[in-house]
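> What shape does this take:
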Amino acid sequence: MTRILVILITLFYSLSAFPQLAERQQRNLEAFAKLYGYVQYFHPSSEAPKDWALLAVYGSKKMLSIGNDTELITELNGIFNRVAPSVQIFSSSTPQRFDIKKITPANIEGYSIVSWQHLGFGLPLYTSIYKSVRLNIPYGTKDKKFPEQLFTTRTKIGSYLRTDIAKGISCIVPYALYVKQGNTYPAAQISTQDLMREMGNALPKDSSGKPSITGSFPEVRLADVIIAWNILKHSYPYWNDASLPAETILSNSIKKAMSDKNPEDFFKTLQLMCAGINDGHMFVDFSDSKDENNEATAALTLTETEGKIIVKKINDKKLTGIELGDIVDSIEHQDVMEYLLSREKYFSGSPQWKRSKSLVMALNGPKNTSVLISFTGKNGKRTFLLERNVKGQTYKNGYENEPYTKQGWLKPHIYYVNLSRDSVTKKLIKEQFCSAKAIILDLRGYPVNDEVFNILPHLIKKPLKKRQFFFIPQIVYPDFKKVGYKRNESGTNAESPRIKGKIYFLTDASAQSASETLLAQVKGLPNVTIIGTPSSGTNGNINVIYLPGKYTIAYTGMITKNADGSKHHLKGIIPDIILTPTIDGIRNGQDESLNLAIKIAREQSR
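Sure, this is the predicted structure:
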């Protein structure tokens with residue numbers, strides 16, 4: 001009996017130790033994560049590692065074995081003093097002062113001042129309009145050219161960040177340093193090369209002993225969370241629209257990454273991490289994934305109307321027993337709304353974008369499999385096991401949900417063009433548009449090419465004044481504070497021949513980015529009417545994060561506003577006439593948005 005009691009007591013204390021260990025690891029990792037971002041993007045030391053991702057993997061592994069705050073402070077100083085020797089990490093109970101003398105050479109003659117400037121974030125492996133530079137430090141050992149100043153704001157010697165990286169642990173990070181011949185002052189007392197060797201030796205290895213950077217290893221997963229979170233924390237411009245605070249997203253993502261069992265599990269973790277940030281441009285890719293869940297789909301198109309999920313289109317004539325307008329009750333034994341929400345939790349963006357996306361992907365799955373769906377229609381309740389025999393999709397232009405309409409004259413003097421399928425050439429404008437009393441431009445989707453913008457100069461009598469749509473962040477401080485903006489102004493000159501007819505744009509939530517740029521430019525013009533439902537609410541150039549383990553995250557790197565300066569993000573372009581499909585219209589196979597545009601065009605063209 002005594003022996004059993006001892007075993008039970010030992011087991012109790014062993015089990016109770018696990019949450020404490022996890023809590024300790026969580027604290028270590030969060031402190032490391034915050035310091036990592038502050039140093040990488042805002043401390044301009046020339047001794048910074050060439051491969052910050054390697055440092056993230058190394059540091060994450062170190063954080064898993066630290067037992068108390070004293071060890072944590074010692075380890076953080078041991079790592080960062082070799083890549084940022086003027087950074088201080090200390091217990092908040094024994095505070096340290098920033099001493100400018102410690103970062104000032106005895107004789108400053110010949111020294112310049114180096115500091116970071118970020119126009120958005122310039123990220124490795126992705127060429128874009130976004131740039132990051134350290135002023136007064138050459139681009140590299142071979143490239144002696146100095147970067148040009150990106151904007152006028154810059155930090156000064158003596159400016160620094162003082163903040164807590166964990167409760168009871170603080171840091172001081174100077175924003176500017178003296179530099180001479182490419183070397184910042186003060187120099188590290190411990191060789192950075194030794195740290196690089198340590199990092200290389202600490203990399204996870206496969207069964208043959210070779211370095212293996214995959215999501216199978218916890219330190220790689222944790223490093224990816226830390227890298228991605230810091231880029232988003234310091235450069236993503238829409239944190240006010242996120243569902244959760246950045247710190248909560250970090251905490252949740254670290255917990256989930258630690259419990260993941262394989263690279264595929266971690267792929268879902270990254271998707272969940274990004275979903276709460278609410279950016280329709282945000283997608284997560286895993287190049288080693290087979291993506292079997294989206295290989296194929298059933299031959300049905302679904303839509304939402306009148307608070308229900310409805311069969312919008314049947315894409316296989318052999319599919320019998322299901323009618324247009326049938327109400328979907330459940331998918332795979334799950335209430336249809338719950339089923340859609342279970343998928344939408346992995347999507348980022350506006351509610352209308354996520355619902356549009358989940359409806360496109362609702363029936364996706366591995367090829368040569370089936371999906372169980374229950375319907376209510378004029379023949380009562382029925383359940384079908386539908387074969388996934390159509391290629392799966394993750395995005396679909398909204399017009400594809402409607403009966404096919406060919407470009408051309410729909411009625412006398414009413415001309416139709418599908419901008420997601422048909423080009424708007426100068427010839428088309430001159431020969432067709434200028435003779436039409438009304439033109440219907442279908443922008444339920446993404447433009448087929450940039451020729452769609454040819455139409456704008458022909459819609460106006462006089463030049464449009466320059467309007468500001470795009471605002472690129474000018475970042476010199478962390479946590480997206482005190483941010484300035486490079487404002488891109490857009491003006492349009494009038495061109496002949498001028499289109500005198502009425503213009504009707506059709507749109508919906510599948511209209512995103514470039515579609516919304518065009519809609520924003522035409523909205524409010526006296527001869528333009530927009531019909532449909534709000535667009536996606538996501539515009540502006542993307543930025544791309546490449547992570548160890550072959551994961552990729554894209555996100556919006558700038559702020560976009562409507563032409564009148566109003567909010568665009570998540571709201572989208574609000575049509576002049578809101579029209580959602582009806583169950584009766586669907587049952588009758590009608591394209592209700594197009595029909596309304598034709599009706600109004602005929603009335604206004606008399």
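> Correct me if wrong: Ala511 contacts Gly537.
No - with contact defined as C-beta atoms under 8 Å, Ala511 does not reach Gly537; the gap is 9.9 Å. Glycine gets a C-beta too; all of them are placed from N, C-alpha and C.
> Between these two, which is the more surrounded one?
More crowded of Ala511 and Gly537, by other C-beta atoms under 10 Å: Ala511, with 33 against 27.
> ok now do that one, which residues does it touch?
Going by C-beta atoms under 8 Å, 6 or more residues apart in numbering, Ala511 touches Gly398, Leu443, Arg444, Gly445, Tyr446, Leu519, Ser535, Ser536, Gly572, Ile573.
> circling back to that earlier point, pull up the overlap in contacts between Ala511 and Gly537.
Gly572.
> on that earlier part again, tell me the most packed of the contacts of Ala511, by neighbour count.
Ser535 (32 neighbours).
> Helix, strand, or coil at Val225?
helix (DSSP: H, G, I helix; E, B strand; the rest coil).
> again with Leu594
Leu594 - assigned by three-state DSSP - is helix.
> bridging residues for the residue lying closest to Ile157 once chain neighbours are set aside?
Nearest residue to Ile157, sequence neighbours excluded (C-beta to C-beta, 6 or more residues apart in numbering): Ala176, at 4.9 Å. Following DSSP bridges, Ala176 is listed with bridge partners Ser115.
> Likewise for Tyr416?
Gly408, Ile440.
> Isn't it up against Tyr404?
No - assessed by C-beta under 8 Å, Tyr416 is found out of contact with Tyr404, at 11.5 Å.
> Buried residues, stretch 545-563. List them.
Buried positions in stretch 545-563, judged by neighbour count with 16 or more other C-beta atoms under 10 Å: 545, 547-563.
> Kindly report the same for stretch 446-460.
Buried residues in stretch 446-460, defined by neighbour count with 16+ other C-beta under 10 Å: Tyr446, Pro447, Glu451, Val452, Asn454, Ile455, Leu456, Pro457, His458, Leu459, Ile460.
> quick one, strands of the stretch 51-200 of the chain?
88-91, 112-119, 131-134, 160-166, 169-174, 176-180, 183-185 (DSSP state E, counting those that start in this stretch).
> strand partners of the third one, parallel vs antiparallel please.
Spelled out, that is strand 131-134. By DSSP bridges, strand 131-134 pairs with strand 112-119 (antiparallel).
> Let me know the angle separating the strand it pairs with from strand 169-174.
Counting by axes from the mean of the first three to the mean of the last three C-alpha atoms, to 10 degrees, strand 112-119 lies at 110 degrees to strand 169-174.
> Now do the end-to-end distance for stretch 173-185.
14 Å (C-alpha to C-alpha, to the nearest Å).
> what's the spacing between that stretch and its chain's center?
33 Å (C-alpha atoms, centre = their mean, to the nearest Å).
> Please work out the average pLDDT along it.
For stretch 173-185, mean pLDDT is 95.
> Which positions in it come out as buried?
Those would be Val173, Pro174, Tyr175, Ala176, Leu177, Tyr178, Val179, Lys180, Thr184, Tyr185, for stretch 173-185 by 16+ other C-beta under 10 Å.
> what would those residues look like in TSV with distance to Thr155?
Formatted as TSV, the buried residues of stretch 173-185 follow (distance: C-beta to C-beta, whole Å):
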residue	distance to Thr155
Val173	11
Pro174	9
Tyr175	4
Ala176	5
Leu177	10
Tyr178	13
Val179	13
Lys180	18
Thr184	14
Tyr185	16
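> Identify the farthest-apart pair in these.
Val173 and Lys180 (21.1 Å; C-beta to C-beta).
> What ranges does the chain have for its helices?
For the chain, helices defined by DSSP state H occupy the ranges 2-42, 52-63, 69-80, 192-201, 218-235, 246-259, 263-275, 336-344, 351-361, 426-431, 514-522, 583-587, 592-604.
> As TSV, those helices with distance to Asn389 and mean pLDDT would be great.
As requested, those are exported to TSV (distance: least, C-beta to C-beta, whole Å; pLDDT from 0 to 100):
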stretch	distance to Asn389	mean pLDDT
helix 2-42	46	70
helix 52-63	42	96
helix 69-80	54	96
helix 192-201	50	81
helix 218-235	36	98
helix 246-259	35	96
helix 263-275	25	97
helix 336-344	21	97
helix 351-361	16	97
helix 426-431	37	94
helix 514-522	31	95
helix 583-587	23	96
helix 592-604	29	95
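> right, and the ones you listed - which one's nearest Ile100?
helix 2-42 (17.2 Å).
> Report the spatially closest residue to Asn488, excluding sequence-adjacent ones.
In space, Asn488 is closest to Phe470, 4.2 Å off (C-beta to C-beta, 6+ apart).
> what's the burial count for Ser512?
Careful, residue 512 is Gln and not Ser. 22.
> re the thing from before, if we compare the strands of the stretch 51-200 of the chain, which one ends up closest to Gly78?
strand 88-91 (9.8 Å).
> gap between the residue lying closest to Leu340 once chain neighbours are set aside and Ile169?
Sequence neighbours aside, Ser358 is the residue nearest to Leu340 in space, at 4.6 Å (criterion: C-beta to C-beta, 6+ apart). Using C-beta to C-beta, to the nearest Å, Ser358 is found at 42 Å from Ile169.
> Arg24 now?
Noted for Arg24: a distance of 13 Å to Ile169, by C-beta to C-beta.
> Check Ala511 too.
Distance from Ala511 to Ile169, by C-beta to C-beta: 47 Å.
> do the same with Phe470
To Ile169, Phe470 is 39 Å away according to C-beta to C-beta.
> if I pick the residue nearest to Ile157, what's in contact with it?
In this structure, Ala176 makes contact with Pro44, Ile113, Val114, Ser115, Arg154, Thr155, Lys156, Ile157, Gly158, Ser159, judged by C-beta under 8 Å, 6+ apart.
> Buried only: go through those for me.
Buried, going by 16+ other C-beta under 10 Å: Pro44, Ile113, Val114, Ser115, Arg154, Thr155, Ile157, out of the contacts of Ala176.
> Hmm, Gly158 and the second one touching each other?
No - between Ile113 and Gly158 there is no contact, the gap being 10.2 Å when judged by C-beta under 8 Å.
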